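Novice: model this:
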Amino acid sequence: MPDADETSPVVEIFAFSGHQILDVPESSRLHRVVLPVVGVTADGEAKALGTAFCIASSRPCVLVTAWHVVDRFIRENKSGLERGPASIQIVLALGASDDEKDLGRPIPVHRVVHHRGSKVSRGAEWLGPESQSESGFQSDIALLTLPLVQDAAGRDFCPDQIGIGFGLPDPSAWTYAFGYPGMRVRRIVDEQDNNVLDVQRVLRRSAGHVVRSSPNGDPEEPLVGPSFEADLAMPWGMSGGPVLADDQTVCAAVSLALDPESPNGAWKSHAAGLAPALDLPVHNEPGVGPLTLRELVDAGAVLALGDVPPASPQPPDAEVFIFDNL
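Specialist: Next up is the predicted model:
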């Protein structure tokens, strides 16, 4: 627990204690920002995949997750995803009653894009041409686009968004991870014959210090691209969830964690920076063409705090998956 004179705003709000994994209060708006990611196969089997968080709330609705959260499911179910009926879904809560607390309205992901990076120099995307290396990189950040869904009153049915930043916290700074560890899911049909997901999940959080920060990428680190190591608890299921800095801005996504070597021991976890995703195409506007995350930032649709890295003259080697669910 930090000393009183170094207590961060996030610690005060969520009452973190040491390196424990604690529940997020039900009153927190983060329940509408940080959401479960579920895969449903063509045979109807539902699988818990990980966590995502919303950075643009509508038209288009864009979420961030870790590429490894959806990678394997896409590879194993590619035909069913492209032609239906398989899907990757984001689950929004339906209600707060005891009977409905585990139910969620699944919204299918229409588009997934990530930075394949096989033809781009390490560092070029987030630092510009001043940092060059011959080795390619592949970021663990993926962007998910949801189709427009409306409720019975004709209102857009979307998650809430959270502000993001493209810098990384300094060593010794406090950071805070959020996600759904230990999530379980099954597909059910309700009384109106609608498909809903019974998702047994609890939004949880952990706090820890940054041990090492690599804003330019480091070949010695397990993640390629901008990342940092922290003693944050990141159990399975939190992958893809947001990591917040003291200013309550998302600075990275949960990516990789090594379990403690002993009970109550320290975690060794890694979070992936968001900058490599800036020039990925997240949406296609009819008559306009692909919109990038950078353009959504410039338009104010994505709330970005702090400096935005310059664009590279070389476009990213993006891999885009579009699923037949509109």
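
Novice: use CA for all of it now, contacts and neighbours both
Specialist: Fine.

Novice: wait, residue 282 sits on residue 143?
Specialist: Yes. Distance between residue 282 and residue 143: 6.9 Å, which falls inside the contact criterion (CA atoms under 8 Å).

Novice: For those two, list the residues in contact with both.
Specialist: 62, 113 (CA atoms under 8 Å, 6 or more residues apart in numbering).

Novice: tell me which helix or strand of the chain sits lowest on mean pLDDT?
Specialist: helix 124-127 (a mean of 33; mean pLDDT, DSSP states H and E).

Novice: for this protein, longest helix please?
Specialist: Longest helix in the chain, counting residues (DSSP state H): helix 67-76.

Novice: Contacts only, for residue 241.
Specialist: 34, 50, 51, 52, 53, 65, 66, 177, 178, 179, 253, 254.

Novice: The stretch 101-250 of the chain: strands as residue ranges?
Specialist: 103-108, 111-115, 141-146, 174-179, 184-189, 195-200, 204-214, 227-230, 242-244, 250-258 (DSSP state E, counting those that start in this stretch).

Novice: List the contacts of the shortest one.
Specialist: Which is strand 242-244. 34, 52-53, 175-179, 250-254, 271.

Novice: Then the fifth one?
Specialist: Outside of strand 184-189, the residues that reach it under the criterion CA under 8 Å, 6+ apart are 38, 44-48, 195-201.

Novice: Kindly report the same for the second one.
Specialist: Taking CA under 8 Å, 6+ apart as the criterion, the residues outside strand 111-115 that touch it are 67, 138-146, 276-277, 280-282, 316-323.

Novice: what about it, distance to the chain center?
Specialist: 12 Å (CA atoms, centre = their mean, to the nearest Å).

Novice: that older thread, residue 231: which of the contacts of strand 242-244 is nearest?
Specialist: Nearest to residue 231 among the contacts of strand 242-244, counting by CA to CA, is residue 175 at 9.3 Å.

Novice: which one of the strands of the stretch 101-250 of the chain lies closest to residue 30?
Specialist: Evaluated with CA to CA, the strands of the stretch 101-250 of the chain place strand 174-179 nearest to residue 30, the distance being 8.9 Å.

Novice: Which neighbouring elements make contact with the closest one?
Specialist: strand 34-40, strand 46-57, strand 204-214, strand 242-244 (3 or more CA pairs under 8 Å, 6 or more residues apart in numbering; DSSP states H and E).

Novice: Now find how far off-centre it is within its chain.
Specialist: That offset, for strand 174-179, works out to 12 Å (CA atoms, centre = their mean).

Novice: And stretch 166-175, by the same measure?
Specialist: Worked out by CA atoms, centre = their mean, stretch 166-175 lies 18 Å from the chain centre.
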